[in-house]
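One predicted model, sequence on top.
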Amino acid sequence: MELSVKPKDSIKGEIKVPGDKSISHRAVIFGALARGVTKVHGFLPGEDTWRTVECFRKMGIDIQREQDLVVIEGKGLKGLQEPEDVLDAGNSGTTARLLMGLLAGNPFYSVITGDLSLKKRPMDRVVEPLKKMGAVVYGRQGANLLPLTVMGGNLKGIDYLSPVASAQVKSALLLAGLYAQGTTAVTEPYLSRDHTERMMKHFGINIKKGENRVEVEGFPEIEGKKIEVPGDFSSAAYFMVAASLLPGSSLRILKVGVNPTRTGLLEVLKEMGANITLEKERIENEEPVADIKIGYAPLKGVEIKGDVIPRLIDEIPVLAVAASLAEGETVIREASELRVKESDRIDTMEKELKKMGAKIRGLPDGLVIEGTGELKGAVCESHGDHRIAMAAAVAGLAARGETIIKGSDCINISFPEFPKTLKSL
Ligand code: S3P
């Protein structure tokens, strides 16, 4: 599929974005592990989150859907059945890595795989600590690449110092920790998104939090809960950047998750000079939520590195678009994780933005972007990466002439309504 984007002078109005992807995955996981019914309102109807649903159905969990309501009949921690077939995580790293943690805890045989992109992404970051806890895992390249075979059960807690700030690693280990004797602790170099910890708290699981550290005890009893999923900040990000770039814009995005471990883009855009305010800030099932108001403002370049990187890692493609149109230089460093996302986002952003006339240069761990104040429409490729496709669409709104995004169907992974929302503005 192709998406055609024409330039726009401004975007105005009020929009909603779909449910948070990270929280939707976790809602299904904890709903399945709890006893009784969990009702999830505002569930993200995206390809990634359906993968998680399908995997749990294969493990004997009944999950029903009525529009954006998903109802899970949880069977308790020990209620999962050995799947009869291979579990397919599709394009979803979150499904694969979080399920690895869970499968490590369960005393059965399972095989998990994914699509071409996911089969290239490193799994040793979860496999290595899970093996230390006692799991048996086999796969290509010393169990680094999917498909992976897991024989789980009989885990013991470990105190793990993770070399990467990754919520997927942390969450996999915390999920395995629910099935481990004693305490499982994870310390990370910088704090990554903490939705798992917040959802554990919502389900009444006792966790201990320190600075960049979290601990959980094995074998808690958990019961089904109601969950309201806020709008996905990462989906809102495309419209936040678009409204900042297009003169005369004034946009309100309703009910967006503003968990501080996710809102690095807000901090950086403000530093660049953006006009953004949060309204009606509140907490809903342990997660901060707000309406976000954005108006046009001229942006200037910034330097981005260090602890903010995990808090905006998924927003770097669209941030690169903002930087291309800002005044001055933007330097993004210490973000080598971009190389192991759905595509190598350093390479793919460099390629696609160059086609549009941006002055952008890849570094081993980031990007240098010299703002030119203008872009021209081009024929871009998504590289099968939803965030590259949507970032290119935002660039297209602010460019001269038409932009075509080839392979735009990957947008369905996280934001099927994106083209429609774009048109509504
Ligand atoms: C996610 C964690 C992040 C993020 C991904 C979703 C999650 O990945 O990039 O889109 O839901 O836990 P890492 O944990 O690999 O940083």
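On my side now, so go ahead.

and the residue nearest to residue 77 when sequence neighbours are not counted, what does it touch?
Leaving aside its sequence neighbours, residue 77 sits nearest to residue 33 (Cβ to Cβ, 6 or more residues apart in numbering; 5.4 Å). (Each C-beta comes from the backbone N, C-alpha and C, glycine too.) Contact analysis of residue 33 by Cβ atoms under 8 Å, 6 or more residues apart in numbering lists 74, 76, 77, 79, 102, 178, 222.

Output the set of residues of the stretch 251-400 of the chain in proximity to the ligand.
313, 314, 337 (Cβ under 6 Å from any ligand atom).

Surely the first one touches residue 334?
Which is residue 313. No - using Cβ atoms under 8 Å, residue 313 is not in contact with residue 334; the gap is 10.7 Å.

the more surrounded of those two?
residue 313 (21 against 16; other Cβ atoms under 10 Å).

Mind putting the residues of the stretch 251-400 of the chain next to the ligand into a markdown table with pLDDT?
What follows is those, written out as a markdown table (pLDDT from 0 to 100):
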| residue | pLDDT |
| --- | --- |
| 313 | 98 |
| 314 | 98 |
| 337 | 98 |
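
Now intersect the residues you listed with the helices, please.
If you go by DSSP state H, these have nothing in helices.

Spatially, what comes nearest to residue 272 if we skip its sequence neighbours?
Nearest non-adjacent residue to residue 272, counting by Cβ to Cβ, 6+ apart: residue 299, 4.3 Å away.

The residue nearest to residue 403 when sequence neighbours are not counted: how many residues sit nearby?
Distances taken as Cβ to Cβ, 6+ apart put residue 396 closest to residue 403, at 3.0 Å, once the chain neighbours are dropped. By other Cβ under 10 Å, 27 other residues sit near residue 396.

Make sure residue 396 is actually in contact with residue 7.
Yes - using Cβ under 8 Å, residue 396 is in contact with residue 7, at 7.3 Å.

Break down the stretch 201-350 of the chain into its helices, ranges please.
233-245, 264-271, 309-312, 316-325, 345-355 (DSSP state H, counting those that start in this stretch).

again, but for the stretch 1-150 of the chain
21-33, 47-58, 93-105, 124-133, 140-143.

could those go into a markdown table alongside distance to residue 349?
A markdown table is the format used below for the helices of the stretch 1-150 of the chain (distance: least, Cβ to Cβ, whole Å):
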| stretch | distance to residue 349 |
| --- | --- |
| helix 21-33 | 20 |
| helix 47-58 | 21 |
| helix 93-105 | 18 |
| helix 124-133 | 23 |
| helix 140-143 | 27 |
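
The ligand contacts on the stretch 101-250 of the chain?
Residues of the stretch 101-250 of the chain lying near the ligand (Cβ under 6 Å from any ligand atom): 166, 167, 168, 171, 192, 193.

again, only this time at 5 Å
166, 167, 168 (Cβ under 5 Å from any ligand atom).

With secondary structure added, can I get the residues you listed in JSON lines?
Shown next, in JSON lines, are these (DSSP: H, G, I helix; E, B strand; the rest coil):
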{"residue": "166", "secondary structure": "coil"}
{"residue": "167", "secondary structure": "helix"}
{"residue": "168", "secondary structure": "helix"}
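
okay, the residues you listed in JSON lines with pLDDT, distance to residue 267 and neighbour count next?
Below are these laid out as JSON lines (pLDDT from 0 to 100; distance: Cβ to Cβ, whole Å; neighbours: other Cβ atoms under 10 Å):
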{"residue": "166", "pLDDT": "98", "distance to residue 267": "20", "neighbour count": "23"}
{"residue": "167", "pLDDT": "98", "distance to residue 267": "18", "neighbour count": "25"}
{"residue": "168", "pLDDT": "98", "distance to residue 267": "23", "neighbour count": "24"}
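
before we move on, back to that, can you put the helices of the stretch 201-350 of the chain in TSV and add mean pLDDT and distance to residue 419?
Shown next, in TSV, are these (pLDDT from 0 to 100; distance: least, Cβ to Cβ, whole Å):
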stretch	mean pLDDT	distance to residue 419
helix 233-245	98	11
helix 264-271	98	22
helix 309-312	98	24
helix 316-325	98	16
helix 345-355	98	18
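
ok, what's across the strand from residue 73?
The partner list for residue 73 in beta bridges (DSSP bridges) reads residue 37, residue 62.

So which bits of stretch 263-279 are buried?
By 16 or more other Cβ atoms under 10 Å, the buried positions in stretch 263-279 come out as 263, 264, 265, 266, 267, 268, 269, 272, 274, 275, 276.

got the contact list for the last one?
Translated: residue 276. With contacts defined as Cβ under 8 Å, 6+ apart, residue 276 is in contact with 240, 244, 266, 269, 270, 292, 293, 294.

Quick check: can you list the domain ranges of the chain?
As given by automatic domain parsing, the domain ranges for the chain are 2-19+230-424, 21-228.

any idea how far residue 257 is from the residue of the stretch 1-150 of the chain found nearest the ligand?
Residue of the stretch 1-150 of the chain nearest the ligand, by Cβ to the nearest ligand atom: residue 22 (3.3 Å). Per Cβ to Cβ, to the nearest Å, residue 22 is found 9 Å from residue 257.

what's the answer for residue 360, then?
With distances taken as Cβ to Cβ, residue 360 is found 29 Å from residue 257.

more neighbours, those two?
residue 257 (26 against 23).

Excluding chain neighbours, what is closest to that one?
residue 230 (3.7 Å).
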